[in-house]
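> my questions concern the predicted model and sequence given below.
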Amino acid sequence: MTTVLDPRFLDGEFLNPVETLEKYRATKIEPLHDIYRLYDHDSFKDFSRRRGQVLHSSELVFRTLRLNPCLIVQHQLNFPEDWGFYIGRGNHLIYLSGFHKGYLTEFSYTLVDQRDLPVEEKRGWRTVLLRLMARGVIKWEQVVKEFGHSDGLNSERWLVYTAPYRHRNGAQCIERNLTNEMEIH
């Protein structure tokens, strides 16, 4: 019986099994894992960077309801440790955003597993406000008046994501989209 060696494995380098496995992970598996990571993965998983100004969920609810008293706050059925903002349309409640009970970081961050892949998002209070603005139930001007501007390491990201809501035409498109969505349901 003749054994034919694959030329890919004849690079002249003989590694022990542990080193071979590590090399395989680094060259074959890690590039595949990068598909599941965000472009700013290292910053998104950094709790100390994303913490910002901490706010309790009850304070977020109180201040947000001052901006729009028509919002409804309920416990999430599938996530007992979470609350959710809803808006009522006829006999239906429309989900707007969810958040964890207790203290919230200013910005969302992710928990990662041993392979450095995201497994769970911990939503920050500014992300909740962003989702509410996207659904047209609160306005940028209200958010700035009630919660202030973001400053610090993540303020640039906040300004990028809120750009459509800071301009008059963007806000009108969002209101129109929300009105159309509500009419469909």
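In hand now; what should we look at? Numbering: from 1, shown residues only.

> going forward, measure contacts between C-alpha atoms and count neighbours the same way
Will do.

> quick one: the most centrally placed residue in the chain from Arg157, how far?
Nearest to the mean C-alpha position of the chain, by C-alpha atoms, centre = their mean, lies Ser108 at 5.5 Å. Applying C-alpha to C-alpha, to the nearest Å, the value for Ser108 to Arg157 is 12 Å.

> same question, Trp140
For Trp140 relative to Arg157 (C-alpha to C-alpha), the value is 15 Å.

> show me the shaky parts of this structure.
For the chain, residues meeting the criterion pLDDT under 70 lie at 1-15, 32-34, 36-51, 168-185.

> give me that answer again for 50
Flagging of the chain using pLDDT under 50 yields the residue ranges 184-185.

> in it, which spans are strands?
Using DSSP state E, the strands of the chain run over residues 55-56, 71-75, 82-89, 92-100, 103-104, 109-112, 118-122.

> give me phi/psi at Val54?
phi -80, psi 140 (degrees, to the nearest 10).

> give the contact list for it.
By C-alpha atoms under 8 Å, 6 or more residues apart in numbering, Val54 lies in contact with Tyr103, Leu104, Thr105, Glu106.

> which of Trp140 and Arg157 has more neighbours?
Trp140 (21 against 11; other C-alpha atoms under 10 Å).

> is it true that the more buried one touches Ala163?
No. The pair Trp140 / Ala163 is not scored as a contact, 9.5 Å apart, by C-alpha atoms under 8 Å.

> hey, what's in contact with both of the two?
Between them, Trp140 and Ala163 share no contacting residue, judged by C-alpha under 8 Å, 6+ apart.

> in this structure, which spans are helices?
Using DSSP state H, the helices of the chain run over 17-24, 30-33, 41-44, 47-50, 57-67, 125-134, 140-147, 155-166, 168-184.

> okay if I get the contacts of Val54 as a markdown table plus neighbour count and distance to Leu132?
Shown next, in a markdown table, are the contacts of Val54 (neighbours: other C-alpha atoms under 10 Å; distance: C-alpha to C-alpha, whole Å):
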| residue | neighbour count | distance to Leu132 |
| --- | --- | --- |
| Tyr103 | 16 | 19 |
| Leu104 | 24 | 16 |
| Thr105 | 22 | 17 |
| Glu106 | 21 | 15 |
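
> okay but Phe107 is in contact with Trp125, surely?
Yes. Phe107 is within contact range of Trp125, at 6.4 Å (criterion: C-alpha under 8 Å).

> and for Leu111, nearest residue in space, chain neighbours not counted?
Computed as C-alpha to C-alpha, 6 or more residues apart in numbering, the closest residue to Leu111 that is not its neighbour in sequence is Glu120, at 5.3 Å.
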